[in-house]
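1. curious how this folds, go ahead:
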Amino acid sequence: MTGIIAVGEAFSRSVGFDGSALDDTALVVSAIIATRTPIVRRDSKAPFFEILDPFGLKFEPEDDFPLQLDHSPLARETIGRAFNLSADDNRVSAQLRFTSADDAEPIRQRIRDRTLRHLSVGYRVQKWREGTDAEGRRTKTAVRWRLFEVTLTAVPADPNSRIQRSTEMEPEIEEPTPARHRAEVRSILRAAGMSKPEEIDAIVDEDLSLDEVKSRAFEHMQTRQRNTPRIRVTASNDDPAAIVTRAADALAFRMGGASELPPASREYANMSLLDLARDSLTRAGVSVRGLSTDEVLQRAAHGTSDFPLVVTNAANKTLLSTYQAAESPLKALARQRTLPNFKESSTLRLGGMGRLEKLSEHGEITATSRGETGEKLSLATYARRFDLTRQLMIDDDTGAFGDIVAALGQAAAQTEADLLVSLLLDNPLMSDGVPVFHATHGNLSTGAALSETSLSDARLALRQRKDMDGVTLINATPKHLVVGPELETSAEKLLATVQAPTTGDVNPFAGKLILLVEPRITDDQWYVFADPARLATMQFAYLSGAQGPQIQRQDLWDSLGVSFRAFEDFGAGWVDWRGAQKNPGA
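-> Numbering: from 1, shown residues only. Model prediction:
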């Protein structure tokens, strides 16, 4: 059997056997059905010698397998069963029980007179081990494989195994006849892919041993693989979407919105805005011969070319790059959401279930309910506009263009940061009518400087926080320490890891909290927040399908140029006060 093989693929190999020992009464004969003899095969890499490890065959003592004719799946071609399998270092043995059916008598007679004397096993390899043999040839050894059939075949691939004269005797080793040897040589060469009769006849006439024939076959398979042309599939260079992406990446790189230039965009790296406009018009089927600079820019900006899309995409990349770099650290404290519209949304928080109750003698289960609370959140739109003027496009001032877009990205990040910081500093009312940080909530500590003692007190308060029922402990784990620039150095020292010589010098907060510095906090107040994945306190939201700032383009009618507007739909609010602790400072 030839072809590409892989783990789990079903394939077969053949061995010879002597059927003269077939008993007319018992209809049972012993046979060696597989050996370690290498067989030439090939996979997707190259030709190799396949070796079956007898100990790699997985079977149970009670297993038996169908005995077929020529791998036929038909029931009437099943002429017996193979059973009582055993394995040693070099072979797999089995007993073959033939059917007593009358229509199988011709087959049994061919076995007795040794006309039909070869077996083939069908198997699936589950695990390979690759290596090389003593001659440096590639090998693959099946170290875990399963048998699914034994079949009678006319041409063997492994002539070294024979059926035993009795269940006690070793297999008879017989020197092959010249005719049989030539048939085996032809079979091996055809399996290796030789198709020209003259090539096969030339090797047959050399009267080589089977090992030498297998080496020739292996060399032929390697040569054929090297000479077979390979078809490579590459990405299309004329896909409009791919061209827009490459051109936009190159323009964003020139604008300063990307730190690296993708290799596919290098052909556009030195193209000016005017060059990009001409290229877009040409690909759209518009001739640019004889057009002035103004005409090229006007037709590219207001026509059907993809020039506006290239510029818009590059602006978006630059905007998002700057926006992400300037995002507020307070977003790490909040849970992100998306809202489908601008209507006011309620964030419902359900309380815990308390504890399970011990059943009474009668097995009655008491019903319970969960407390709930809800905080409001709605989106608002924030926007600014900038114009890409005719002069800027003609001068190819991509640096100025990039600076404008980058400034808009920073403005979007500043807008979000201002809204999040206001949630801390303005201390708004919650749905219960009490400010977020208040003695009623128990999350407002007595003013104290940031120290090991005051930070320990804040952590203790979070640990002792109770659910809505006022009984169940939440065990809010502190994760973030939020300070302003005035306390940044003190906070870093407090959280630093030190090699303490004594237990009294150990820093209990080393590696326990993440420091967040918000420059809009201008005094010495500080906060401790729980992990938002465990207990969310703040939240922010975007409009569905438009997360973060967006850029849209519009043609200018009253002036020569193109107008861009940057906007985002954003909202922020509180979810629960229980995951935060505030200290107003000394």
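2. my guess is Ala269 meets Leu251, correct?
-> No. Checked against CB atoms under 8 Å, the pair Ala269 and Leu251 is beyond contact range at 9.2 Å. For every residue, glycine as well, the C-beta is placed using N, CA and C.
3. what's near enough to touch His181?
-> Contacts of His181 were listed using CB atoms under 8 Å, 6 or more residues apart in numbering, and they are Leu210.
4. now with 7 Å?
-> By CB atoms under 7 Å, 6 or more residues apart in numbering, His181 lies in contact with nothing.
5. buried residues in the helix or strand containing it?
-> Taking DSSP states H and E as the definition, one finds His181 inside helix 178-191. Of all the residues in helix 178-191, those buried under the rule 16 or more other CB atoms under 10 Å are 180-189, 191.
6. more neighbours: which of Ala269 and Leu251?
-> The neighbour count for Ala269 versus Leu251, taken as other CB atoms under 10 Å, is higher for Leu251 (28 against 14).
7. what's the per-residue pLDDT of that one here?
-> Looking at Leu251, its pLDDT is 86.
8. next: the one 10 residues further on.
-> In the predicted model, Leu261 carries a pLDDT score of 86.
9. which residue packs closest to it, ignoring adjacent ones?
-> Phe253 (4.6 Å; CB to CB, 6 or more residues apart in numbering).
10. what helices or strands is the helix or strand harbouring the one you found leaning on?
-> Secondary structure from DSSP H and E places Phe253 in helix 240-255. On a contact count with 3 or more CB pairs under 7 Å, 6 or more residues apart in numbering; DSSP states H and E, helix 240-255 meets helix 307-325, helix 398-425.
11. what sits up against it?
-> Here helix 240-255 has contacts from 235-236, 258, 261-262, 264-265, 268-269, 276, 306, 309-311, 313-314, 317-318, 398, 401-402, 405, using CB under 7 Å, 6+ apart.
12. distance from that helix to the middle of the chain?
-> Its chain's C-alpha centre and that of helix 240-255 lie 27 Å apart, by CA atoms, centre = their mean, to the nearest Å.
13. and after that helix, which helix or strand comes next?
-> By DSSP H and E, the next helix or strand past helix 240-255 is helix 273-283.
14. other residues contacting the helix or strand that that following helix is followed by?
-> Sequence-wise, the next helix or strand downstream of helix 273-283 (DSSP H and E) is helix 293-302. The contact list for helix 293-302 (CB under 7 Å, 6+ apart) reads 274, 277-278, 280-281, 286, 288, 307-308, 390, 393-394, 555, 562.
15. check the residues you listed for the minimum pLDDT and say which it is.
-> Asp555 (67).
16. tell me where this protein has helices.
-> 105-112, 178-191, 197-205, 210-227, 240-255, 273-283, 293-302, 307-325, 390-395, 398-425, 452-463, 488-495 (DSSP state H).
17. adding distance to Pro38, write these out as TSV.
-> Shown next, in TSV, are the helices of the chain (distance: least, CB to CB, whole Å):
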stretch	distance to Pro38
helix 105-112	27
helix 178-191	11
helix 197-205	18
helix 210-227	7
helix 240-255	49
helix 273-283	58
helix 293-302	67
helix 307-325	58
helix 390-395	71
helix 398-425	65
helix 452-463	69
helix 488-495	65
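18. among those, which comes closest to Glu518?
-> helix 398-425 (6.1 Å; CB to CB).
19. that closest one packs against which elements?
-> Under the contact criterion of 3+ CB pairs under 7 Å, 6+ apart, helix 398-425 touches helix 240-255, helix 307-325, strand 380-389, strand 538-543, strand 561-574.
20. the shortest one vs strand 380-389, what angle?
-> It refers to strand 538-543. Orientation of strand 538-543 against strand 380-389 (axes from the mean of the first three to the mean of the last three CA atoms, to 10 degrees) gives an angle of 50 degrees.
21. strand 538-543 versus strand 561-574: what angle between them?
-> Using the same axes, to 10 degrees: strand 538-543 against strand 561-574 is 150 degrees.
22. same for strand 538-543, what does it pack against?
-> By 3+ CB pairs under 7 Å, 6+ apart, strand 538-543 packs against strand 334-339, helix 398-425, strand 561-574.
23. for Val40, which residues count as its bridge partners?
-> Phe49 (DSSP bridges).
24. pLDDT value on it, please?
-> 85.
25. hang on, isn't it packed against Phe218?
-> Yes. Using CB atoms under 7 Å, Val40 is in contact with Phe218, at 5.6 Å.
26. domain assignment for the protein?
-> 10-173, 175-212, 240-327, 372-498+508-583 (automatic domain parsing).
27. wait, which of the helices and strands packed on strand 538-543 is closest to Arg465?
-> Comparing the helices and strands packed on strand 538-543 under CB to CB, the one sitting nearest is strand 561-574, at 15.3 Å.
28. okay if I get the helices and strands packed on helix 398-425 as CSV plus distance to Gly484?
-> Output for those, formatted as CSV (distance: least, CB to CB, whole Å):
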stretch, distance to Gly484
helix 240-255, 34
helix 307-325, 21
strand 380-389, 25
strand 538-543, 17
strand 561-574, 19
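29. so which of the ones you listed comes closest to Val471?
-> Of the helices and strands packed on helix 398-425, nearest to Val471 by CB to CB is strand 561-574, at 23.2 Å.
30. give the buried residues for the closest one.
-> 561-564, 566-574.
31. partners of that strand, with directions?
-> strand 380-389 (antiparallel), strand 538-543 (antiparallel), strand 550-555 (antiparallel).
32. so where's the stretch 201-350 of the chain uncertain?
-> 225-238, 347-350 (pLDDT under 70).
33. also the chain?
-> For the chain (pLDDT under 70), the answer is 1-26, 155-177, 225-238, 347-357, 359-374, 497-505, 555-561.
34. return the set of residues that bridge with Gly80.
-> With DSSP bridges applied, Gly80 shows beta-bridge pairing to Leu67, Phe98.
35. can you redo the strands paired with strand 561-574 as a markdown table with mean neighbour count and distance to Phe529?
-> Converted to a markdown table, the strands paired with strand 561-574 look like this (neighbours: other CB atoms under 10 Å; distance: least, CB to CB, whole Å):
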| stretch | mean neighbour count | distance to Phe529 |
| --- | --- | --- |
| strand 380-389 | 15 | 25 |
| strand 538-543 | 21 | 8 |
| strand 550-555 | 16 | 30 |
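36. using CSV, lay out those strands together with distance to Leu487.
-> Formatted as CSV, the strands paired with strand 561-574 follow (distance: least, CB to CB, whole Å):
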stretch, distance to Leu487
strand 380-389, 30
strand 538-543, 20
strand 550-555, 36
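37. so which of the ones you listed comes closest to Arg110?
-> Closest approach to Arg110 among these is made by strand 538-543 (79.9 Å; CB to CB).
38. who's in contact with the closest one?
-> Here strand 538-543 has contacts from 331, 333-339, 347, 377, 379, 420, 423, 548, 569-575, using CB under 7 Å, 6+ apart.
39. narrow the residues you listed to just the buried residues.
-> 331, 333-334, 337, 339, 347, 377, 379, 420, 423, 548, 569-575.
40. that older thread, how about the helices and strands packed on strand 538-543 in TSV, adding distance to Ser544?
-> Converted to TSV, the helices and strands packed on strand 538-543 look like this (distance: least, CB to CB, whole Å):
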stretch	distance to Ser544
strand 334-339	5
helix 398-425	17
strand 561-574	9
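41. tell me the bridge partners for the residue lying closest to Ala383 once chain neighbours are set aside.
-> With sequence-adjacent residues excluded and distances taken as CB to CB, 6+ apart, Ala383 is closest to Phe567, at 3.5 Å. Beta bridges link Phe567 to Ala383, Gln550 when assigned by DSSP bridges.
42. tell me how many other residues crowd Thr132.
-> 11.
43. quickly list what it is bridged to.
-> Beta-bridge partners of Thr132, as defined by DSSP bridges: Arg138.
44. ok, it touching Ile51?
-> No. Here Thr132 does not reach Ile51: they are 11.7 Å apart, not a contact under CB under 7 Å.
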